[in-house]
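Enquirer: I would like to see how this sequence folds:
(chains A and B)
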Amino acid sequence: DTGVSQDPRHKITKRGQNVTFRCDPISEHNRLYWYRQTLGQGPEFLTYFQNEAQLEKSRLLSDRFSAERPKGSFSTLEIQRTEQGDSAMYLCASSLSGALTNEKLFFGSGTQLSVL
Amino acid sequence: TQLLEQSPQFLSIQEGENLTVYCNSSSVFSSLQWYRQEPGEGPVLLVTVVTGGEVKKLKRLTFQFGDARKDSSLHITAAQPGDTGLYLCAGAHIIQGAQKLVFGQGTRLTINP
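Expert: Numbers count the residues shown, from 1 in each chain, chains lettered A, B, ... in the order given. Presented below is the predicted three-dimensional model:
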């Protein structure tokens, strides 16, 4: 399967612990996005990479959150000192640069985080 | 904060009926996308509309972008149980050379046999 892969699918952690999620985009895609989705809501933009450069970060992304894409391929999203409000589905999406109005995002299945 | 309001949030109808879902905003978007999301999965893109007034058809689904590029609608004709799912609209802004999507809260559609 050559879709966007996210690992783990589910993560349960205790408040105050650090967690890290991984996203493997479709291999030739140079753009990578992170979104967060809480229950009953649509996804919210967190951050965006073009190759290895992080070009945009949402104000939702507090200083406890950090994302990397070191070689322009896979990406990691780390949350330090997790809080119960961090419980959500974390979605990764990738796309191939081209005409922006026709850009097609491919989403992974997400990592469901539960902070106890 | 730019908001996209979807209505209705929940819709349960019988197989064979028609329905329309609305997506409204006060913001102008470069494009408007519609996604479908199954439980435990990520959203899957159905269609992108770009031009004000544009209409696109995907089998029994008809998508329309408002003339002012602030609102959109999804119309399903003769709904089938397989159409059951969460439908999300998303407005796109171009920022730093990429699309930043603003999603609505979704319409959870149930088609009863």
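
Enquirer: need the residues of chain A near chain B, please.
Expert: A:4, A:31, A:33, A:35, A:40-45, A:48, A:50, A:55-56, A:91, A:93, A:95, A:97, A:100-110, A:112 (CB under 8 Å from any CB of the partner chain). C-beta coordinates here come from the backbone N, C-alpha and C atoms, glycine included.

Enquirer: next, B:Ala78: secondary structure please.
Expert: coil (DSSP: H, G, I helix; E, B strand; the rest coil).

Enquirer: output the lowest mean pLDDT helix or strand found in chain A.
Expert: In chain A, no helix or strand scores lower on mean pLDDT, DSSP states H and E than strand A:53-57, which sits at a mean of 90.

Enquirer: and that strand, how far out from the chain middle?
Expert: Between the centre of strand A:53-57 and the centre of its host chain there is 12 Å, according to CA atoms, centre = their mean, to the nearest Å.

Enquirer: returning to what we had before: the residues of chain A next to chain B in strands, which ones?
Expert: Among the residues of chain A next to chain B, the subset assigned to strands under DSSP state E consists of A:31, A:33, A:35, A:44-45, A:48, A:50, A:55-56, A:91, A:93, A:95, A:106-107, A:112.

Enquirer: what about the closest residue to A:Ser75 other than its chain neighbours, distance to chain B?
Expert: In space, and not counting its chain neighbours, A:Ser75 is closest to A:Arg69: 4.2 Å by CB to CB, 6 or more residues apart in numbering or on different chains. To chain B, A:Arg69 is 13 Å away according to CB to the nearest CB, to the nearest Å.

Enquirer: quick one: A:Arg69 from B:Pro39, how far?
Expert: 29 Å (CB to CB, to the nearest Å).

Enquirer: settle it for me: which of those two has more neighbours?
Expert: A:Arg69 (21 against 6; other CB atoms under 10 Å in any protein chain shown).

Enquirer: residues contacting that one?
Expert: For A:Arg69, the contacting residues are A:Leu32, A:Phe49, A:Asn51, A:Glu52, A:Gln54, A:Ser75, A:Thr76, by CB atoms under 8 Å, 6 or more residues apart in numbering or on different chains.

Enquirer: which of these sits closest to B:Arg60?
Expert: A:Leu32 (33.5 Å; CB to CB).

Enquirer: count of residues packed around the closest one?
Expert: If you count neighbours by other CB under 10 Å, A:Leu32 ends up with 29.

Enquirer: so what's it closest to, chain neighbours aside?
Expert: Leaving aside its sequence neighbours, A:Leu32 sits nearest to A:Phe49 (CB to CB, 6+ apart; 4.5 Å).

Enquirer: contacting residues for that neighbour?
Expert: The contact partners of A:Phe49, by CB under 8 Å, 6+ apart, come to A:Arg31, A:Leu32, A:Tyr33, A:Leu55, A:Ala67, A:Arg69, A:Gly72, A:Ser75.

Enquirer: most neighbours of all the residues you listed, which one?
Expert: A:Leu32 (29 neighbours).

Enquirer: tell me the pLDDT at it?
Expert: Note on A:Leu32: pLDDT of 95.

Enquirer: run through the neighbouring helices and strands of the longest strand belonging to chain B.
Expert: Criterion DSSP E: the longest strand present in chain B is strand B:85-95. Under the contact definition 3 or more CB pairs under 8 Å, 6 or more residues apart in numbering or on different chains; DSSP states H and E, strand B:85-95 sits against strand B:5-7, strand B:19-24, strand B:31-37, strand B:71-76, strand B:98-103, strand B:107-112.
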